[in-house]
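Predicted model and sequence below, questions to follow.
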Amino acid sequence: MTVATETKTGAVPPPSSEDVITVTKMNKWYGNFHVLKDIDLSVRKGERIVICGPSGSGKSTLIRTLNRLEVYQQGEITVNDILLGDDVKNIEAVRRDVCMVFQHFNLFPHMTVLENLTLAPIWVRKMPKKEANDLAMHYLERVRIAEQAHKFPGQLSGGQQQRVAIARSLCMQPKIMLFDEPTSALDPEMVKEVLDVMVELAKEGMTMLCVTHEMGFAKEVADRVIFMDEGQIIEMAGPHEFFDNPKSERTKLFLSQILSH
Ligand SMILES: Nc1ncnc2c1ncn2[C@@H]1O[C@H](COP(=O)(O)OP(=O)(O)OP(=O)(O)O)[C@@H](O)[C@H]1O
């Protein structure tokens, strides 16, 4: 597994042939509002990146640009050497490799857990139903929820639903997983069961970008931690440097606030 070398404040690691995501001078506006400013970021295969920062700093918008759930207006994003622009074929190709887990699970309420998991493999990947069911059961077992396969999402707890959402992503056998505050809608007692699954994925070598304020998770698995504020990457460093010796006053203030909770 690739372990990223620690970087200095705001430093961008030099491009590498192992980069699976490259973001270069990317800017995005919502109308007149400049939400992402000159974002430079490269992510290597197997890297685990945690993105944190105050509310409204642009964290969700940034990861949503990485599978084109949001468009950007300037700069460039490539994923597995595919330019993520307006070309629909490129967008589809990138989405085959990049899956997103959302804060609010986004499961279909009228379908069983199993049907939620098999929908995309059957319709997008054209997988035979039996194979899709086997795959779904495999990943439901992995997130320790196989016994819930025939229930509807509304019959499960939030933590169980989020584990179903992670299993659903895994059924697409992604190369990169994006997590957008996956535990922030959960009751505190359910956070750990979801984080445990994410830690396992991280340790197995999944390339992951995760927006989260779970700093324990960041310390345990992140190769790099990014701090964003007002649409910019303010600090990007390995976890030891980030937590023990943050360079920016804004990072220090944020960490003091979040770690005191
Ligand atoms: N569709 C939109 N149209 C206009 N402004 C938007 C839109 N989506 C987000 N914004 C604004 O862009 C800014 C960044 O939002 P974003 O959700 O990326 O922040 P965030 O850091 O993920 O915040 P949070 O931690 O609260 O989720 C915010 O000021 C938000 O109000």
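That came in fine, so what should we check first?

Correct me if wrong, but D86 is in a strand.
No: counting by DSSP: H, G, I helix; E, B strand; the rest coil, D86 falls outside a strand, being coil.

and it, how far is that from R68?
Here D86 is placed at a distance of 9 Å from R68 (C-beta to C-beta, to the nearest Å). C-beta here means a position set from N, CA and C on the backbone, and glycine is covered the same way.

Have a look at the two and say which one is more surrounded.
R68 (20 against 9; other C-beta atoms under 10 Å).

Identify the residue nearest V143 in space, chain neighbours excluded?
R163 (4.1 Å; C-beta to C-beta, 6 or more residues apart in numbering).

Go ahead and confirm the one you found touches K192.
No: under the criterion of C-beta atoms under 8 Å, R163 is not in contact with K192, lying 11.6 Å apart.

Report the central residue of the protein.
The centroid of the chain falls nearest to L178 when counting by C-alpha atoms, centre = their mean (1.9 Å).

Is it correct that that one falls within a strand?
Yes: counting by three-state DSSP, L178 is part of a strand.

That one touches V101, doesn't it?
Yes: between L178 and V101 there is a contact under C-beta under 8 Å: 7.1 Å.

Flag every residue of the stretch 1-150 of the chain that's near the ligand.
Residues of the stretch 1-150 of the chain found near the ligand (C-beta under 6 Å from any ligand atom) are 30, 33, 35, 53, 55-61.

quick check, nearest of the residues you listed to S169?
Comparing these against S169 with C-beta to C-beta places S60 closest, at 16.8 Å.

Name the nearest residue to the closest one, ignoring sequence neighbours.
In this structure, S60 finds its nearest non-sequential neighbour in D180, 5.3 Å apart by C-beta to C-beta, 6+ apart.

Pull the contacting residues for Q160.
By C-beta atoms under 8 Å, 6 or more residues apart in numbering, the contact list for Q160 reads 145, 148, 190, 193.

Would you check which pair of those lies furthest apart?
Spatial extent of the contacts of Q160 (C-beta to C-beta) is set by the pair Q148 and M190 at 14.1 Å.

who's more crowded, these two?
Q148 (21 against 18).

Surely H150 is in contact with T112?
Yes: taking contacts as C-beta under 8 Å, H150 lies within contact range of T112: 5.4 Å.

quick one, which of the two is more surrounded?
Between H150 and T112, T112 has the larger neighbour count (other C-beta under 10 Å), namely 16 against 10.

Local confidence estimate at that one?
Per-residue pLDDT puts T112 at 97.

and the residue nearest to the centre of the chain, what is it in contact with?
Neighbouring residues of L178 by C-beta under 8 Å, 6+ apart: 63, 66-67, 98-101, 208-210.

who does it bridge with?
M100, L209 (DSSP bridges).

M228 now?
Beta-bridge partners recorded for M228 (DSSP bridges): I233.

what's the burial count for it?
With other C-beta under 10 Å as criterion, M228 counts 26.

who's in contact with it?
Counting by C-beta under 8 Å, 6+ apart, the residues that M228 touches are 51-53, 57-59, 62, 234.

One more pass at 6 Å, please.
M228 makes contact with 53, 57-59, according to C-beta atoms under 6 Å, 6 or more residues apart in numbering.

That one and V101, how far apart?
From M228 over to V101 the distance is 19 Å, taken as C-beta to C-beta.

cool, E141 as well?
For E141 relative to V101 (C-beta to C-beta), the value is 18 Å.
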